[in-house]
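> using only what follows, build the 3D model:
(chains A and B)
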2 protein chains.
Amino acid sequence: MKISLGADHGGFQLKEFLKRRLSEEGHDILDRGTFDPSPVDYPDIAFRVAQDVFQGSTGILVCGTGIGMCNAASRMEGMIAALCTNEYMARMARLHNDANVLCLGARVIGDELALSVTRVFLETPSLNDEKYVRRREKVARGCQ
Amino acid sequence: MKISLGADHGGFQLKEFLKRRLSEEGHDILDRGTFDPSPVDYPDIAFRVAQDVFQGSTGILVCGTGIGMCNAASRMEGMIAALCTNEYMARMARLHNDANVLCLGARVIGDELALSVTRVFLETPSLNDEKYVRRREKVARGCQ
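The predicted structure is shown next:
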């Protein structure tokens, strides 16, 4: 699975950790920065990851809480972002919401929990029940 | 403070709890449904709350995980949604992200924690540091 990984300064250390561990587990990682702990604007990073997700990669975005990244990703075409703080949320994000971008808060959850949440997100398929698909389509249309 | 409150069937019970408790605390609540536990599409509810937020209310949206509501709200003009599972996230959602819609997962956090998270969200002002404003503006532009 190809994974596009991005973080701002708040998420930099966790991104490095996830990059190393997911690479060791055999995933193909596209690292879209940031590449050091100096301040950057999270929307710039989210935009880079969005280009990859648009072409079929799964996205992972990390900032301090995950909220900024989730806001930024959700504004971009084709991105279905899910901010998850535990495995249950990650499972539902795939099963019900068909999310293609996982958002994580490096100041909210620890590195091993973040890895566990990520694994669940990557391993869980999307359900295509009629009701879930209908709701996702309403979201994509801006619910109008 | 005027609060526009909405939930799907997964969030119905928590919405009723928050409506009662926030009303007792003196808030003016607009209840935008759902009004019973039968299944509804969360984007329809988010859309109703969005109309109120557009006119200045603070929004609260509840579903099973908060993810679907966060996706739906984030697609709508003027909505800055934040899915929060604890008070730290709620505080940062206001300070850094200037969120105007709080999303909650009724199957993820319990009712008293949800109320506590909501109180922090309602009580915390937004910081208007230049860097936070610049990042929010990039989000609003879709980061292009």
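> is any residue of stretch A:31-38 near chain B?
No - for stretch A:31-38, no contact with chain B is found by Cβ under 8 Å from any Cβ of the partner chain; the gap never falls below 12.5 Å. C-beta here means a position set from N, CA and C on the backbone, and glycine is covered the same way.
> mind listing residues that contact that stretch?
Stretch A:31-38 is contacted from outside by A:4-9, A:12-13, A:15, A:19, A:40, A:45, A:48-49, A:52, using Cβ atoms under 8 Å, 6 or more residues apart in numbering or on different chains.
> wait, does the least confident helix or strand in chain A by mean pLDDT contact chain B?
Ranking every helix and strand in chain A by mean pLDDT, DSSP states H and E puts helix A:130-140 at the bottom, with a mean of 90. Yes - judged by Cβ under 8 Å from any Cβ, helix A:130-140 and chain B are in contact via A:131, A:134-135, A:138-140.
> does the residue positioned nearest the centre of chain A sit in a helix, a strand or a coil?
Nearest residue to the geometric centre of chain A (Cα atoms, centre = their mean): A:L102, 2.1 Å. Secondary structure state of A:L102, per DSSP: H, G, I helix; E, B strand; the rest coil, is strand.
> got phi/psi on A:L61?
With angles defined as degrees, to the nearest 10, A:L61 sits at phi -130, psi 130.
> who does it bridge with?
Counting by DSSP bridges, A:L61 is bridged to A:G6, A:C103.
> please name the residues that touch it.
Remark: with contacts taken as Cβ under 8 Å, 6+ apart, A:L61 is in contact with A:6-7, A:11, A:42, A:45-46, A:49, A:69-70, A:72-73, A:81, A:101-104.
> starting at the chain centroid, how far to the least confident helix or strand of chain A?
Mean-position distance between helix A:130-140 and its chain equals 20 Å (Cα atoms, centre = their mean, to the nearest Å).
> kindly indicate which of the residues of helix A:130-140 next to chain B lies nearest A:T85.
Taking Cβ to Cβ as the measure, A:T85 lies nearest A:V139 of the residues of helix A:130-140 next to chain B, at 21.1 Å.
> wouldn't the closest one be in contact with B:P43 here?
Yes - under the contact definition of Cβ atoms under 8 Å, A:V139 touches B:P43, with a separation of 5.2 Å.
> tell me, what's touching those two both at once?
Shared contacts of A:V139 and B:P43, defined by Cβ under 8 Å, 6+ apart, are found at B:68, B:72.
> who has more neighbours out of the two?
More neighbours sit around B:P43 than around the other of A:V139 and B:P43, counting by other Cβ atoms under 10 Å in any protein chain shown; the figures are 28 against 25.
> secondary structure element for the more buried one, which one?
Under the assignment given by DSSP states H and E, the secondary-structure element containing B:P43 is helix B:42-54.
> low-confidence ranges, chain A, go.
Scanning chain A for pLDDT under 70 picks out the ranges A:143-144.
> ranges for the strands of it?
Along chain A, the stretches classed as strands by DSSP state E are A:2-7, A:28-31, A:58-63, A:81-83, A:101-105.
> hmm, back to that, just the buried members of the residues of helix A:130-140 next to chain B?
Of the members of the residues of helix A:130-140 next to chain B, the ones counted as buried by neighbours, 16 or more other Cβ atoms under 10 Å in any protein chain shown, are A:135, A:138-139.
> name the nearest of these relative to A:I29.
A:I29 has its nearest neighbour among these in A:V139, at 28.2 Å by Cβ to Cβ.
> for the least confident helix or strand of chain A, name the packing helices and strands.
For helix A:130-140, the elements it packs on are helix B:42-54, helix B:67-74, judged by 3 or more Cβ pairs under 8 Å, 6 or more residues apart in numbering or on different chains; DSSP states H and E.
> surely A:N71 meets B:S74?
Yes - using Cβ under 8 Å, A:N71 is in contact with B:S74, at 6.4 Å.
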